[in-house]
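give me coordinates for this.
(one chain, ligands or ions: 1)
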Amino acid sequence: MRRHIKNNVSWLGYIDWELESFHGDDYSIMNGSSQNAYLVEEGKTILIDTVWTPHRFDFVDNLKSEIDLHRIDAIIANHGECDHSGSLTALMDEIPGTPIYCTANAVKSIEGQYGKRGWDFRVVKTGDTLDIGNGKKLVFVEMRMLHWPDSMATYMTGDNILFSNDAFGQHYAVEELFNDRADKCLLWKEAMKYFANILNPFAAILTKKLEEITKLNLPIDIIAPSHGAIWRDDPLQIVRKYSEWADAYQEDQITIAYDTMWEGTTRIAHEIASEVARQSPSTVVKVFNVSKADKNEVMTEIFRSKAVALGSPTVGNGILSSMAGFIEFMRQLKFRNKKAAAFGCYGWSGESVKILQEKLRESGFAVIDENIRAMWTASSDDLAKIPGMVSSLLAQG
Ligand code: FEO
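Numbering: from 1, shown residues only. Down below sits the predicted model:
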């Protein structure tokens, strides 16, 4: 079923209520998701993006129920990742000669995934346009690394709609479709989680791209991303928020993430949290056992924190595997402007704190010297070090 967006523009995507994870199991989905595709019916009929491969036949059937597929003059593939290109094979079986507008890198990614099928790719770059009749045109803007090297956005003049693909999206199944009708708490929670877990590594590129888009001075009435809600009420609010998030974002929060074997490291984690509350009652403090908590939710909390404390006992001359995997993911996300401390118990060799500190430095954190390294279980001497550690984490600069 199509949903009206503006004038001759409709949504024809797939609301994925059952989705539980994305990127394999690397991104948890708590509130469903959607893959948004759009149909523009001006002098020319244009399809912008498709939906994920498992839904390709539903997508094509749905499209067929709305229009004669042979009316489609062109397809815009803003991004080659299969959640947006995954229905092309089924669609192109029906209309094989239809031109596909995309970046040179998107040709590589689409042919890499689906093989060379003789499709009529029309390679575009920033500033190229496509006249769609009725005095309107599509303007293409490369969005390299947002989220892949092949990504681009498409701007529609006249209706002033920016089809932004992954940028400004959320993994959020929102039947209400528009930001002004969506649950605001979920909308912003999912938008931040998406940014922290997917886009943050490209924050510097994003900042430049946002400046470039702003300089184009394009009137933007609607931002229509490829996941989640469409921004029609003050659409630039998400652009402003992205600028803020991309600028080494932090709130007055400390996140403590740890794992434990026999609860010794748990005890230290909770003592650190209590001390934060004692020294700075206004600071938000959150505590997570990484082997039990959802890693993407914890990463979102780290993204909004000004400091973190990571804990692991020593095991096998190293750290717990849960913590090792967690830190590897955290390193990839390239958080900036955050302090960090390490803590953990040990029985024999006791390397975990040093390893955590090294990995935190490699991940771009400013690691403070103060740490809690407790033999067997935290003694009163160990616990007495916590106020100094917390004080350093809370200190400005
Ligand atoms: Fe929604 Fe990068 O794909």
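
CA atoms for contacts and neighbours, from now on please.
Noted.

state the phi and psi torsions of A90.
Dihedral pair for A90: phi -70, psi -40, per degrees, to the nearest 10.

now do the contacts for it.
56-57, 60 (Cα atoms under 8 Å, 6 or more residues apart in numbering).

next one: F202
145-146.

just the one 5 residues further on next, same as before
Listed by Cα under 8 Å, 6+ apart, the contact partners of T207 are 243, 246-247.

from the contacts of A90, list the buried ones, please.
The neighbour count (16 or more other Cα atoms under 10 Å) marks 56, 60 as buried among those.

any idea how this structure splits into domains?
3-245, 254-394 (automatic domain parsing).

tell me which of those lies nearest to the ligand.
Smallest distance to the ligand across the domains of the chain (Cα to the nearest ligand atom): 4.9 Å, for domain 3-245.

check the closest residue to E18 other than its chain neighbours and give its pLDDT.
Closest residue to E18 apart from its sequence neighbours, by Cα to Cα, 6 or more residues apart in numbering: G32 at 6.2 Å. Looking at G32, its pLDDT reads 97.

give me the phi and psi angles of G32.
When read as degrees, to the nearest 10, the backbone of G32 gives phi 70, psi -170.

surely it touches L19?
Yes: G32 lies in contact with L19 (Cα atoms under 8 Å); the separation is 5.4 Å.

show me what the host helix or strand of S109 is packed against.
Secondary structure from DSSP states H and E places S109 in helix 104-114. Under the contact definition 3 or more Cα pairs under 8 Å, 6 or more residues apart in numbering; DSSP states H and E, helix 104-114 sits against strand 121-123.

the helix or strand following the strand it packs on packs against which elements?
Next in sequence after strand 121-123, counting helices and strands by DSSP H and E, comes strand 129-133. Under the contact criterion of 3+ Cα pairs under 8 Å, 6+ apart, strand 129-133 touches strand 136-142.

just the C-alphas of the strand it packs on, formatted as PDB.
Output of strand 136-142 as PDB, limited to C-alpha atoms (Å, rounded to 0.1, in the frame of the first residue of the first chain):
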ATOM      1  CA  LYS A 136      11.100  19.600 -11.400                       C
ATOM      2  CA  LYS A 137      14.400  17.800 -11.300                       C
ATOM      3  CA  LEU A 138      16.400  15.500  -9.100                       C
ATOM      4  CA  VAL A 139      19.800  16.600  -7.900                       C
ATOM      5  CA  PHE A 140      22.300  14.000  -6.800                       C
ATOM      6  CA  VAL A 141      24.600  14.500  -3.900                       C
ATOM      7  CA  GLU A 142      27.300  12.000  -3.100                       C
END
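
relative to strand 136-142, how tilted is the lowest-mean-pLDDT helix or strand in the chain?
In the chain, no helix or strand scores lower on mean pLDDT, DSSP states H and E than helix 203-216, which sits at a mean of 89. For helix 203-216 against strand 136-142, the angle by axes from the mean of the first three to the mean of the last three Cα atoms, to 10 degrees is 150 degrees.

in the helix holding S109, what's buried?
Going by 16+ other Cα under 10 Å, helix 104-114 has these buried residues: 104-107, 109-110.

mind listing the helices for the chain?
Using DSSP state H, the helices of the chain run over 56-66, 82-85, 88-94, 104-114, 184-194, 203-216, 236-246, 264-279, 295-303, 321-332, 352-362, 380-384, 386-394.

let's see if you can find the most crowded of the contacts of T207.
Most neighbours among the contacts of T207, by other Cα atoms under 10 Å: A246, with 23 neighbours.

residue contacts, that one?
200, 203-204, 206-207.

rebuild those residues as CSV, extending it with distance to A293.
Formatted as CSV, those follow (distance: Cα to Cα, whole Å):
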residue, distance to A293
N200, 21
A203, 26
A204, 29
L206, 29
T207, 31
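
leaving out the residues flanking it, which one is nearest to A307?
Excluding the flanking residues, the one nearest A307 by Cα to Cα, 6+ apart is K339, at 4.4 Å.

that neighbour and E370 touch, don't they?
No: under the criterion of Cα under 8 Å, K339 is not in contact with E370, lying 11.6 Å apart.

those two: which has the busier surroundings?
Under the criterion of other Cα under 10 Å, the comparison of K339 against E370 puts K339 first, with 24 against 19.

any idea how far that one is from E297?
As for K339, its distance to E297 is 19 Å (criterion: Cα to Cα, to the nearest Å).
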